[in-house]
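Asker: how does the following fold in three dimensions:
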Amino acid sequence: MKPSPTLAPSAARPAQAHTPPATNLDCNVVELRQYTLHPGQRDVLIDLFDREFVETQEAVGMAVMGQFRDLDAPDRFVWLRGFPNRDSRARGLSAFYDGPVWRQHRDAANATMIDSDDVLLLRPAWPGAGIAMRGRERATGPLRTPLPGLLDVSVFHLHEPASAALLRFCQGPMTQTLTQGGAEVLGWYVSESAPNNFPRLPVRQGEQVLVGFAMFATPTAFEAFCRSGVWAREVQPALEPWLTGPPKSLRLAATARSLIHG
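Answerer: Coordinates of the predicted model:
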């Protein structure tokens, strides 16, 4: 979050009331942000983030779509931030990072982080392919419980920008295989090819990716899907001509105030 220069959260408490999110934006530009933190600092950052950085970002026209613990990396925090378009991204980021809330809390936030520059700038892979945010609810108040579900984020690195043939395969066999395996397919994204218009926050440039978001009811459901082997048999071989290497999979658990959860 620095502008350039196992589910064991602290919130294992009864849930309180929910209210509608501050924004119901159509997020046509999305940042997939992965932070590497100092050991033992993830819950420190999550508590600060969920308390201070959610509504304050949405107040300037951005959507905090989801915040997550990486179940395979205890010092990694992953979150999604969305914008209606590139111009609103530049305006919103300027307003937040030049504003009083970030100025007050940036030292505490940055002190938890080793690296905050692992960021993919994405757009929906086709019209309507993005994660639907309307109607989602976010927990409020100090008493919260961990949220259900396991979000599988699959990042496929491509030789070239996603072709029409790849996107047809994505809409068809890839989505069908996940759905038949018990997942709710939330969205598909590809690299946003336009230059980063807020250079104070670096993003990974020059990469072409396809990114899928699939929600499983439980970690056990995800493991059962993997053990079935159907993806390896029916999808992966057909994908390989488009890929530069093996896909990267993130197993994520939503924090108590994430809009995206099971």
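Asker: when you work out contacts or count neighbours from here on, use the C-alpha atoms and nothing else.
Answerer: OK.
Asker: buried residues in stretch 244-262?
Answerer: By 16 or more other Cα atoms under 10 Å, the buried positions in stretch 244-262 come out as 247, 250-261.
Asker: just give me the neighbour total for Val78.
Answerer: Val78 sits with 21 neighbouring residues when counted by other Cα atoms under 10 Å.
Asker: that one against Asp70, yeah?
Answerer: Yes - contact criterion Cα atoms under 8 Å: Val78 and Asp70 qualify, at 6.8 Å.
Asker: overlap in contacts of the two?
Answerer: Leu252 (Cα atoms under 8 Å, 6 or more residues apart in numbering).
Asker: show me where the protein has its strands.
Answerer: 18-19, 29-37, 63-70, 76-83, 113-124, 138-139, 150-157, 184-191, 209-216, 248-254 (DSSP state E).
Asker: and among those, the most buried is which?
Answerer: strand 63-70 (a mean of 25; mean count of other Cα atoms under 10 Å).
Asker: now what about it, what contacts it?
Answerer: By Cα under 8 Å, 6+ apart, strand 63-70 touches 6-7, 23-25, 27, 54, 57-58, 76-83, 133, 250-255, 257-261.
Asker: again, 7 Å this time
Answerer: 23, 25, 54, 58, 76-83, 250-255, 258-260 (Cα atoms under 7 Å, 6 or more residues apart in numbering).
Asker: ok, it: who's next to it in the sheet?
Answerer: With DSSP bridges as the test, strand 63-70 is paired with strand 76-83 (antiparallel), strand 248-254 (antiparallel).
Asker: give me the angle between that strand and strand 150-157.
Answerer: Here the directions of strand 63-70 and strand 150-157 differ by 100 degrees (axes from the mean of the first three to the mean of the last three Cα atoms, to 10 degrees).
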